[in-house]
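Undergrad: the sequence isn't on hand, but the structure is:
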């Protein structure tokens, strides 16, 4: 495992590492046009603004048994500070240059593109609708949290109250941040995508039909019960531009409304549909 530069010349080595990582980030993102298209025009600046954080700071690490965690992740960090940042909850520090929020932003995109590529390769003859259903199941917060707990990441969270490790939302964020940390540390998109493929491949069920998402299930349940077709309405958007939260309402008839929240409108609609399915007794809560 590579070690961070310390001792004589360490400061200059750290600066050199920062420059190399920034250059690599730009080169690699430019080499993946589908990634850049997914990120939008801010892709290069966003990656570069995350990466320099890894070269800052010195001293002991907050993570116990870091080598044990790296073994489970299947990746050894040249700069363990990135792994530490990926595991640091905002309750420990609101400093966006020290907690996982910016890494989570980047990792979410890498996860999505990689899983979409895996599905297109594995199910070469399936229509877009089926692929979308499989995709939602593989990148939802419950799945990402399950993968991270399986790797033991929940035991290493840095937070004011370790009970946050029980939060599915937090564990999903941690997972996406770790994916981005691997990319930032290696300077190579392939390393991050290999991590995703190793840990998500077993979750792709080649023998069964895709699980229907909550919106599809609600459409069918509403039809069977003679209710109105589901109508979704966005109620409000809160949070920052980096981490927004959308609240959406779904209605299947007068007096039959439920709400859901998510980091994008599609996720919020799924959560609202899920809540309605529970209310109608179609699934267990």
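TA: It's in. The structure presented is a predicted model; accordingly, all values stated were derived computationally and were not measured.

Undergrad: quick one: the helices in the stretch 51-200 of the chain, in order.
TA: For the stretch 51-200 of the chain, helices defined by DSSP state H, counting those that start in this stretch occupy the ranges 66-73, 80-86, 101-122, 128-139, 141-150, 168-186, 189-200.

Undergrad: closest one to residue 245 among those helices?
TA: Residue 245 lies closest, by CB to CB, to one member of the helices of the stretch 51-200 of the chain: helix 168-186, at 10.5 Å. Glycine gets a C-beta too; all of them are placed from N, C-alpha and C.

Undergrad: what average pLDDT does the closest one get?
TA: Confidence for helix 168-186, expressed as mean pLDDT, is 96.

Undergrad: what's the angle between that helix and helix 101-122?
TA: 90 degrees (axes from the mean of the first three to the mean of the last three CA atoms, to 10 degrees).

Undergrad: which elements pack onto helix 168-186?
TA: On a contact count with 3 or more CB pairs under 8 Å, 6 or more residues apart in numbering; DSSP states H and E, helix 168-186 meets helix 10-31, helix 43-50, helix 80-86, helix 101-122, helix 141-150, helix 189-200.

Undergrad: what lies in contact with stretch 234-251?
TA: Residues outside stretch 234-251 that contact it (CB atoms under 8 Å, 6 or more residues apart in numbering) are 96, 101-102, 105, 218, 228, 230-233, 257-265, 267-269, 271-273, 275-276.

Undergrad: ok, now with 6 Å
TA: Residues from elsewhere that reach stretch 234-251 (CB atoms under 6 Å, 6 or more residues apart in numbering): 230-233, 257-262, 265, 268-269, 272-273, 276.

Undergrad: can you check stretch 84-96 too?
TA: Contacts of stretch 84-96 (CB under 6 Å, 6+ apart): 61-63, 99-100, 102-103, 156-160, 164, 177-178, 181.

Undergrad: output the helices of the stretch 51-200 of the chain as JSON lines; include the columns mean neighbour count and distance to residue 244.
TA: Shown next, in JSON lines, are the helices of the stretch 51-200 of the chain (neighbours: other CB atoms under 10 Å; distance: least, CB to CB, whole Å):
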{"stretch": "helix 66-73", "mean neighbour count": "16", "distance to residue 244": "29"}
{"stretch": "helix 80-86", "mean neighbour count": "25", "distance to residue 244": "21"}
{"stretch": "helix 101-122", "mean neighbour count": "20", "distance to residue 244": "11"}
{"stretch": "helix 128-139", "mean neighbour count": "17", "distance to residue 244": "18"}
{"stretch": "helix 141-150", "mean neighbour count": "19", "distance to residue 244": "15"}
{"stretch": "helix 168-186", "mean neighbour count": "25", "distance to residue 244": "14"}
{"stretch": "helix 189-200", "mean neighbour count": "18", "distance to residue 244": "24"}
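
Undergrad: CSV please, covering the ones you listed and showing distance to residue 208.
TA: Shown next, in CSV, are the helices of the stretch 51-200 of the chain (distance: least, CB to CB, whole Å):
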stretch, distance to residue 208
helix 66-73, 28
helix 80-86, 33
helix 101-122, 13
helix 128-139, 10
helix 141-150, 16
helix 168-186, 24
helix 189-200, 16
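
Undergrad: help me confirm that residue 192 comes into contact with residue 110.
TA: Yes - judged on CB atoms under 6 Å, residue 192 makes contact with residue 110 at a distance of 5.2 Å.

Undergrad: mind listing the shared neighbours of those two?
TA: The contact lists of residue 192 and residue 110 share residue 179, where a contact means CB under 6 Å, 6+ apart.
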